[in-house]
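Undergrad: for reference, the sequence and a predicted model appear below.
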Amino acid sequence: MGRGGIPVGSPQPMVGVGHTRGTNVAERLPRIGEPAAVPRQVSSDPRWGLDATAALLLVEDDAGDALLVREVLADSGLPMDVTWCKSLAEARAFLQASKHAVCVLLDLHLPDTHGLSAVRLVRDASPDAAVVVLTGLAENEAGLAAVAEGAQDFLSKDGLNAEELSRAVRYALQRKQVERSSAELQASRLLAQENARLERGLLPTPLLRGDRCQVASRYSPGRDHALLGGDFFDVVESEDGTIHAVIGDVSGHGAAEAALGVCLRVAWRAAVLSGCVGPPQVRLLEKILEAERAEDYIFATLTILRLSRDHSRLTVIRAGHPGLLVRTSQGIELFEPPVGPALGLVPGGAHWPETELPAHDISAVTLFTDGLFEGVVGPDQRLGEEGLLAVARKHMDLHGRPFVDAVVEDVSARSTFHGGLADDVAVLHLATDGRS
């Protein structure tokens, strides 16, 4: 039974805010066949501070109280339509279907819920909805508890006036927007922190004992993802003076692939420091990949090289990875030694050949991932490894980091008008001629 002996009908929503004094409750609260109405778009007016499509939802089972709120809303001048629901079930259905910002005027005493659980259930149905709790005269403590539960404000229905209701609705929507912005900012900060942790793992500081080898590196995420992917590299000098280097690429992109790349890089460094090198090292890395990957189809390519202390021998192992650029007194060449399968493609039965070549005349070696040459540079035309070689030769008067930066920026510029570089790009440059 509503206020003044007015019977409460079945829980149906109503629409429309208007100045309707002088008519009876049934006329003022028309029944609608649909469980919820589509809200009218609100004009964007800075005086109100409202979202241009914000909607107002009244959840109240008492027809008299609903009429009271509607009358006050009419006097408030808020440019919003109101949808009336008599139960939490109807309200949740409306919220789940709504694509706009919603401010909920919520009574805590409903046929299908009671107390603070109403606030929790509304937030579960629509985390972005602003909530203003409607309380009785002696329910201030309940209102404060509702705010602690996540509501933006509370109002007493007794003595409710247009100015208070208007301010509460506008402030609730604004506070919710601030909450969303704060949550998005925090999420961005956490993503940046996670990205930094992954970057430290993927792009470590070379472990060198002297200045006989200078290292320059570069990592650029692809255009479709800001988070670092699964490309990784590392350089370690063992106690006997041998320079060890690795570059690798885990298939896929994202945090899981980046984490697997970190795992493989750390495992490689541990293997080097423990004296495990050559094909046994590659088999060890494959076992680790198989144990750590999230899906059986994930694989990794890599190139591992060892440069002897006297720089007389360069030993290379490739596992499904692209070749490498070798600089000598004759210029820059693309070196593609025999290659074995990528890690994880032929479990237990793979063979990785080890290639050794004289290194007395080698002044620098550049390792890279496929993102550097797979960019589109023309209609149906990718740069390719031969195109990359031409770019490298174009900048062969540069050395160390200037050379690396010039090559990457040249390749990036060539693909700018064709979508840019879509994949991660990792480059590792080792100079043995004293030019950093």
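TA: Happy to help now that I have it. Residues are numbered from 1 along each chain as shown.

Undergrad: for the stretch 301-436 of the chain, just list every one of the helices.
TA: Using DSSP state H, counting those that start in this stretch, the helices of the stretch 301-436 of the chain run over residues 384-394, 400-415.

Undergrad: remind me what the shortest one packs against, helices and strands.
TA: What it means is helix 384-394. Under the contact criterion of 3 or more C-beta pairs under 8 Å, 6 or more residues apart in numbering; DSSP states H and E, helix 384-394 touches strand 324-328, strand 331-335, helix 400-415. All C-beta spots, glycine's among them, are computed from the backbone N, C-alpha and C.

Undergrad: how far does the first one sit from its chain's centre?
TA: Computed by C-alpha atoms, centre = their mean, to the nearest Å, the separation of strand 324-328 from the middle of its chain amounts to 37 Å.

Undergrad: can you give me the buried ones in that strand?
TA: Neighbour-count burial for strand 324-328 flags 324-327 (criterion: 16 or more other C-beta atoms under 10 Å).

Undergrad: and for the nearest residue to residue 297 once chain neighbours are set aside, the neighbour number?
TA: Leaving aside its sequence neighbours, residue 297 sits nearest to residue 251 (C-beta to C-beta, 6 or more residues apart in numbering; 7.8 Å). Counted with other C-beta atoms under 10 Å, residues neighbouring residue 251 total 19.

Undergrad: residue 251 contacts residue 295, correct?
TA: No - Residue 251 is beyond contact range of residue 295, at 9.7 Å (criterion: C-beta atoms under 8 Å).

Undergrad: any chance of the buried residues of strand 324-328 in a markdown table, plus distance to residue 217?
TA: Listed next are the buried residues of strand 324-328 as a markdown table, based on distance: C-beta to C-beta, whole Å:
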| residue | distance to residue 217 |
| --- | --- |
| 324 | 14 |
| 325 | 14 |
| 326 | 17 |
| 327 | 16 |
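
Undergrad: now these as a markdown table including pLDDT?
TA: What follows is these, written out as a markdown table (pLDDT from 0 to 100):
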| residue | pLDDT |
| --- | --- |
| 324 | 97 |
| 325 | 97 |
| 326 | 97 |
| 327 | 97 |
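
Undergrad: of all those residues, which two lie farthest apart?
TA: 324 and 327 (10.4 Å; C-beta to C-beta).

Undergrad: what do those two both touch?
TA: 365-366 (C-beta atoms under 8 Å, 6 or more residues apart in numbering).

Undergrad: state the next helix or strand along the chain beyond the longest helix anywhere in the chain.
TA: Assignment by DSSP state H gives helix 162-202 as the longest helix of the chain. Of the helices and strands lying after helix 162-202 in sequence (DSSP states H and E), the nearest is strand 214-220.

Undergrad: report the distance from that following strand to the chain centre.
TA: With C-alpha atoms, centre = their mean as the basis, the mean position of strand 214-220 lies at 25 Å from the chain mean.
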